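Student: For reference, the sequence and a predicted model appear below.
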Amino acid sequence: MDEDGDIGISRQSLENGQLRDMIAQSGWSHLLLDEAQLHASLEAVRPPSGACWVFAYGSLMWNPVFHPVERRQGVLHGYHRRFCFWIHAGRATPQHPGLMMGLLPGGTCRGVLLRMDCNDADLELALLWKREMVTGAYIPRRLPVRTPEGPVEAIVFLANPRHPTFAGDLPFCEVARAIAGAAGPLGRNRDYLRRTVETLRHQGIPDCGLEKLAREVSGACSASG
């Protein structure tokens, strides 16, 4: 929990299955991937021996759960971040769904590259998969990411447009209303947006679209009291 009372996903909630339980209780248990499916998904993109990088563009930037041994700013070409998945648990409820980000084709995305300790990679990747791939909302790929120190190949989680919770290209005002009104056991949906905006700003790579969205959400929250 941060100074504003935001809870978020924890290492413990992944290890003890709490995140899976939240999703099941929200009525989406049929989407949960089992251990065999998670393992197969991971093995399909597991990096060869050596450095293991993960490209973070949302909550992984400020709450990776694992302990990165190195961080770099990175630019992923060919994709952009967008709130494109409905969520009904975590930072939302079935009655008041929220939204989660994914990477969609087109444009570029600036984010943070996180390098895992090679000695812990097997354990940490398995934990990461329990978080990012719990319902198969993403398509994991190894893609080149540009950094000031040179290009690196990183694991990137792309939006799965065939996923049942995929929202597509929602109107700006609808996105803002959903984020402003959603909250759940892991905190408020708007704090997910706020912390992403603050992290990008702190890194010196602000996202103008998210900044505009954050202002709209703040206005919507103020208007609702």
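Tutor: In hand now; what should we look at? Numbers count the residues shown, from 1 in each chain.
Student: Can you show me the strands along the protein?
Tutor: Counting by DSSP state E, residue ranges of the strands within the chain are 52-56, 70-87, 98-116, 138-145, 152-159, 183-184, 187-188.
Student: which of those strands sits most buried?
Tutor: Mean neighbour count, computed with mean count of other C-beta atoms under 10 Å, is highest for strand 52-56 among the strands of the chain, reaching a mean of 24. Quick note: C-beta positions are derived from backbone N, CA and C, even for glycine.
Student: Tell me what angle that one forms with strand 152-159.
Tutor: 40 degrees (axes from the mean of the first three to the mean of the last three C-alpha atoms, to 10 degrees).
Student: mind checking how far the longest helix along the chain is from the chain centre?
Tutor: Determined from DSSP state H, the single longest helix within the chain is helix 208-223. Per C-alpha atoms, centre = their mean, to the nearest Å, the displacement of helix 208-223 from the mean C-alpha position of its chain is 19 Å.
Student: ok so, going back, reformat the strands of the chain as CSV; add mean pLDDT and distance to A167.
Tutor: Compiled in CSV, the strands of the chain are given as follows (pLDDT from 0 to 100; distance: least, C-beta to C-beta, whole Å):
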stretch, mean pLDDT, distance to A167
strand 52-56, 98, 21
strand 70-87, 98, 5
strand 98-116, 98, 7
strand 138-145, 98, 14
strand 152-159, 98, 10
strand 183-184, 96, 17
strand 187-188, 96, 19
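Student: same question for the longest helix of the chain, mean pLDDT?
Tutor: What helix 208-223 shows for mean pLDDT is 92.
Student: From the contact counts, what lies against it?
Tutor: helix 172-181, helix 189-202 (3 or more C-beta pairs under 8 Å, 6 or more residues apart in numbering; DSSP states H and E).
Student: Bridged to R110, which residues?
Tutor: For R110, the beta-bridge partners under DSSP bridges are V75.
Student: For it, give me its contacts.
Tutor: When contacts are counted by C-beta atoms under 8 Å, 6 or more residues apart in numbering, R110 is found next to Q73, G74, V75, L76, L200, I205, D207.
Student: ditto for R46
Tutor: Counting by C-beta under 8 Å, 6+ apart, R46 has contacts L125.
Student: measure it to Y138 for me?
Tutor: 16 Å (C-beta to C-beta, to the nearest Å).
Student: on that earlier part again, quick check: buried residues in the longest helix of the chain?
Tutor: L210, L213, A214, E216, V217, A220 (16 or more other C-beta atoms under 10 Å).
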